Every structure is written in structure tokens, then in C-alpha cells.
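Student: Have a look; sequence and predicted model below, questions after that.
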Amino acid sequence: MAPPRILSVSELAAAIRGRLETGFPTLWVAGELSNVRPAASGHLYFTLKDARSQLAAVMFRTAVQVLPFRPADGMEVVVRGRPSIYPARGTLQLYADALEPRGLGMLRLAFEQLSARLAAEGLFAAERKRPLPRFPRTIGVVTAITGAAVHDIHTVLRRRWPLARVLVRPVRVQGDGASRDIASGIDDLNQIADVDVLIVGRGGGSLEDLWAFNHELVARAIAGSRVPVVSAVGHEIDVTIADLVADMRAPTPSAAAAMVVPDRHEIATQLATCRAALAAALVRRNRRERERLDGLRRGLGNPRRRVDELLLRVDDLAARARRGLVRQTAWDRRELGTLARRLAAAGPAMQLARTAERVDGLRDRLRLAHRARLDAARAALARARSGLGALSPLAVLERGYAIVRRGDAAGAVVQDAETLHAGDPVAIVLARGRAFGRIERTES
Amino acid sequence: MGRAEDEAPRFEEALAELEGVVRRLEHGELPLEDSLAAFERGMVLVRQLTGRLEQIEQRVEVLLRTADGNLATRPVADDE
């Protein structure tokens, strides 16, 4: 047995390196990036690890330069390369020549393909977008019941428009089955009669977390929704298929909530404006009617008022004449009585006869005076009547007008409905005769 | 789910009616009697709608599928 050959370190390193390079052709390895260190040279040093193991890795400058993204600690990646050792340090490392986020490449391809297909079908077309209802009765929300999204949505809805009911359909928003969940959630909410609008989304997450919203099932469910859909996938840099198909796209769940309902304070202001407009319109209308009525009254009112005035004057004259006569007669009677008493007191027969003569004379004079006064009053009355001439109330009455008097003793002429009340007795003076009645109702 | 608010006209319809009433009144083409009636109707609508705006509590429910595959709603618990 030959003594063992003693190798130099370099020989051993070179031998291991040779074995590694022949035993491991270029391969793909998946792991998580950590300790990512870009070097001044442009090379990128990092560690690739999983739950149990880790492996140092290097990517040379030329490969780093074509990377479409910046690798960072914590990223799940797939690396293409070959394992070898770095002889100067004797460390095993992976020489990487390509690196991409795990799954993303395939997903991205799927996204591009689906997006192109749905666009060709017209699912993203602007004319397919439906307007959102102004006052939704029930807002359907498709999201995770545990996430911040549902809380944010509810907070905004309660502040802006608590009148709407919120109906949450809890779904998984990431991981296996999430897209199926989201699609069936959209379908289910569409079956609820008073759901008027849907919010479909989730809070912010990594690109992969959001991937369920890029699935065809979700796109089809949104496109087939009876009611408008607002997408609210919490990201702003990129767009999901759900965003493209939705009737409206919101950057966050809170923003989606603000889109689907009005602000009750604005509506309250609008109602106050309506109330003011109603009142103003009524006031304007009243003023216009009053002006019209005044115009009519001016046009119609004159002859009637003159007749009324003349009638009043006639009444006044008649009353004064009557009162005058009564007073005079009474005075005359008193005077006669006094004279008679004085006569009785005077006593003697001659004086009695003379006095009787005087009494007769006085009586005659009294009668004459009486008659003269009556005649004078009649003449005044006749003058007054003839003075009324063409506007004689009787002539007016002949034309069909009537005079309404109060039914009480004074019998005042009624000119204003406001002086009357229901039940008041009235006398209606007609051209021939009078009629009597009671007021049923009045209007001013 | 025969809720009381289902019987009331939708907010949207009532507001549209109110706006119509205001418009007709402002144009003044209604007979006087009708304009009074329109004014009263408008004020009733303003009162009703303003009253509805004063609602503060929002109904939040969860839509679930039952074991037999039917849809059912239930109120959201406080801890959700």
C-alpha cells in the first residue's frame, strides 16, 4: 500500500472544484435572499437560504446589469447557476447567472397573456364601464373579514353614508383558492336583491399577495356582475386584471368606499338649499298673485266702490233726516205740553179762550213747521237722490249687482269679507226686494 | 328581510321628486292651489330626507353559504 499522497491545499481545492463542476451542471435553485451585498466591482454577493440550509452565492457584474429589478433581503427567488468553490477562500458558492423572483416570471407571463386575451374580448373597454349608483341601498364587499380593508371600508362608509347597508362576503384574498373565493363572492353578492354596488379588494401587499386579483376567474366574475364593481387592490404602482375589468378603480379600500357613497353633509346642504328654494318660490308666487289681484281690483273695483260710497251717503242722509224728524217732533210735543200746563195754571175763562186760540194757533204753526221741516228733509233727500243721477244704486242693482248689509239693526253695508264671520246674518239688497241669509264661510 | 325602509321610497327617488317639485314651483306654471300642494309636498320630502340623514348606525352584515349551499346573512359580531 502506497503511502497516502499528500496534496497541497490548492490541489485539493482544484479537485473539489473539478468534481463540483462536472457533477453539477447549470441548475435552478429556489431560496430566500439574505445578506445581499452589492460590491464596488458591480458583482452582487448574497446568501441563498431556506428553513434549514444556506449557501453563499455571487452574481457577476454582467449578469447583475441585466436584472430587471433590484434583489433585496427576504425576496423569494429562483437562481440559475452552478455550485463551485472559490479557491482563494475555499468556500463553496453558487455562481449565479440569472435570478428572478420566485413564481413571478410565470405569473407575469400569465398576466400578459390573460390581459391580451381579455382586452381582445373587449372586457376592458371604456364603454363597458357602468356609472356607480348615487345612493346605493346595500354595498357588497368582497374581501378578507380579518384584514384592514374591511375596517377601512366600514369606517369611511359609516362616516359618509350610514344609510346604506354593508354586506361583507368574507373570502381568502391570497394563497390557494383565493381567486375562486373572490369570484364566487362576487357571484353570491349579485344574488342579493338590494345590493347596488360592489367593492372587491384587499389592503396593500406584495405583488405576489395581490396575484389572486389577476386571475381569469375574478376577471370573469367582475365582467359578469349585475351591479357595478369598484376594484380596490391596495397598491398603486401596478395594475391588476381586476382593476382593468372593474367599472371603477380605487387605489385603496378607503378610496373605494368614498367612491360608492355620497357625503351626507353635502346631501344635507342640498336639502337645505331645496327647502330655501321651496320657500322662496312660494313667497314669489304669493307676491305675484297679490299683485295680479290688486291689478284686477283696480280694474274692477272703481264702479263698485263708487256705488258703495254713494249708497253710504244715501243711507247717511236718510238716517240723518229720520233722526232730525224724530227729534223735532219730540221737541214740539214737549213744548206743547209746557204750554198746556202753563195754560192750566193761568185759570180764568177768557184767558182760557184766548189761550185756547193761541194754543190752536200754536198747534197750527207747529203743524206747519213740522210739515215744512218734513218737506225740507224730503226735498234734501230728493236732491241727494237726483244728484246720484246716472250712478243711482238702484240702476246699478238693475244691472244685477246686489248690496250686502249686515243683518243686525244697523244694517251696515258690507265691503270687506274680513268683517264677516260664518253664521253672521246678512240682508242682500236686490233690484227688487231683499233676501236674507247667513254667511257660510269667508275668504280674503 | 321585510324591513321598514324597504317600504319607504328610495332616497334617490324621494330626492328626485323633491328636485322636481322645486323646479315646478320655481317655474311657476302651476295653478295656485297646485303650487301650494307642491310646496307642502316638498316640505314633507325635505323633512323626511333630512330625518333619514340623521341615521348614525350602519347595518353591517356578513354573507355566508350555509351547509346546504344557500346564502344567508348574519350581523357582524363586535370582535370582527
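Tutor: Perfect, I can see it now.
Student: buried residues in the longest helix along chain B?
Tutor: Identified as the longest helix of chain B according to DSSP state H is helix B:32-53. If you call a residue buried by 16 or more other Cβ atoms under 10 Å in any protein chain shown, then helix B:32-53 has these buried ones: B:35, B:38-39, B:41-43, B:45-46, B:48-49, B:52-53. All C-beta atoms are positioned from the backbone trio N, CA, C, and that covers glycine.
Student: just for the stretch 301-444 of chain A, where's the confidence low?
Tutor: Scanning the stretch 301-444 of chain A for pLDDT under 70 picks out A:301-307, A:310, A:317-318, A:321-322, A:324-359, A:380-396.
Student: Which parts of it are strands?
Tutor: A:403-406, A:425-429, A:434-438 (DSSP state E, counting those that start in this stretch).
Student: ok, which of the buried residues of helix B:32-53 also contact chain A?
Tutor: Restricting the buried residues of helix B:32-53 to those touching chain A (Cβ under 8 Å from any Cβ of the partner chain) yields B:35, B:39, B:42-43, B:46, B:49, B:52-53.
Student: list the contacts for A:Leu217?
Tutor: A:179-180, A:182-183 (Cβ atoms under 8 Å, 6 or more residues apart in numbering or on different chains).
Student: Geometric centre of chain B: which residue is closest?
Tutor: B:Phe11 (3.0 Å; Cα atoms, centre = their mean).
Student: which residues sit against stretch A:244-254?
Tutor: For stretch A:244-254, using Cβ under 8 Å, 6+ apart, the contacting residues are A:115, A:118-119, A:123-124, A:128-132, A:143, A:148-150, A:152-153, A:155-156, A:199-204, A:219, A:222-223, A:228-232, A:234-236, A:239, A:243, A:256, A:258-259.
Student: And the buried ones among the residues you listed, selectable in PyMOL?
Tutor: PyMOL command restricting the contacts of stretch A:244-254 to the buried ones, with burial defined by 16+ other Cβ under 10 Å:
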select buried, chain A and resi 115+118+123+124+132+143+148+149+150+152+153+156+199+200+201+202+203+219+222+223+228+229+230+231+232+234+235+239+243+256+258+259
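Student: In helices, which of the contacts of stretch A:244-254 fall?
Tutor: Going by DSSP H, the helices hold A:115, A:118-119, A:148-150, A:152-153, A:155-156, A:219, A:222-223, A:243, A:256, A:258-259 from those.
Student: Select from the contacts of A:Leu217 every entry located in helices.
Tutor: A:179-180, A:182-183.
Student: Next, the buried residues of stretch A:14-34.
Tutor: A:17, A:29, A:31-33.
Student: Any chance of CSV for these, columns secondary structure and pLDDT?
Tutor: Listed next are those as CSV, based on DSSP: H, G, I helix; E, B strand; the rest coil; pLDDT from 0 to 100:
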residue, secondary structure, pLDDT
A:Arg17, helix, 91
A:Val29, strand, 90
A:Gly31, strand, 91
A:Glu32, strand, 90
A:Leu33, strand, 92
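Student: when you check chain B, which of the residues you listed turn up near it?
Tutor: Of the buried residues of stretch A:14-34, not one also sits near chain B (Cβ under 8 Å from any Cβ).
Student: count of neighbours near the closest residue to A:Leu114 other than its chain neighbours?
Tutor: The shortest distance from A:Leu114 to any residue other than its chain neighbours is 5.5 Å, reached at A:Glu216 (Cβ to Cβ, 6 or more residues apart in numbering or on different chains). For A:Glu216, the count of nearby residues is 15 (other Cβ atoms under 10 Å in any protein chain shown).
Student: same deal with A:Ala369?
Tutor: 13.
Student: One more: A:Ala178?
Tutor: A:Ala178 - counted by other Cβ under 10 Å - has 21 other residues nearby.
Student: next one: A:Val77
Tutor: There are 23 residues near A:Val77, going by other Cβ under 10 Å.
Student: Okay, and the beta partners of it?
Tutor: A:Val77 forms beta bridges with A:Gly31, A:Pro101, as assigned by DSSP bridges.
Student: ok, it touching A:Glu100?
Tutor: Yes - with contacts counted by Cβ atoms under 8 Å, A:Val77 reaches A:Glu100, the gap being 6.5 Å.
Student: For the stretch 1-150 of chain A, which segments count as helices?
Tutor: All helices of the stretch 1-150 of chain A, identified by DSSP state H, counting those that start in this stretch, fall at A:9-23, A:61-65, A:104-121, A:148-160.
Student: now the angle from the helix or strand hosting B:Glu61 to helix A:148-160?
Tutor: Per DSSP states H and E: B:Glu61 is located in strand B:60-65. Interaxial angle of strand B:60-65 relative to helix A:148-160 (axes from the mean of the first three to the mean of the last three Cα atoms, to 10 degrees): 140 degrees.
Student: What pairs with the helix or strand that strand B:60-65 is followed by, parallel or antiparallel?
Tutor: Next in sequence after strand B:60-65, counting helices and strands by DSSP H and E, comes strand B:71-75. The pairing partners recorded for strand B:71-75 under DSSP bridges are strand B:60-65 (antiparallel).
Student: Outside of the partner strand itself, which residues are in contact with it?
Tutor: A:140, A:145, A:154, A:165-170, A:185, A:188-189, A:192, B:71-76, B:80.
Student: Kindly recompute the last result at 6 Å.
Tutor: Residues from elsewhere that reach strand B:60-65, judged by Cβ atoms under 6 Å, 6 or more residues apart in numbering or on different chains: A:166-169, A:188, B:72-76.
Student: Now render these as JSON lines, adding pLDDT.
Tutor: As requested, the contacts of strand B:60-65 are exported to JSON lines (pLDDT from 0 to 100):
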{"residue": "A:Val166", "pLDDT": "95"}
{"residue": "A:Leu167", "pLDDT": "96"}
{"residue": "A:Val168", "pLDDT": "95"}
{"residue": "A:Arg169", "pLDDT": "95"}
{"residue": "A:Asp188", "pLDDT": "95"}
{"residue": "B:Ala72", "pLDDT": "89"}
{"residue": "B:Thr73", "pLDDT": "89"}
{"residue": "B:Arg74", "pLDDT": "87"}
{"residue": "B:Pro75", "pLDDT": "86"}
{"residue": "B:Val76", "pLDDT": "79"}
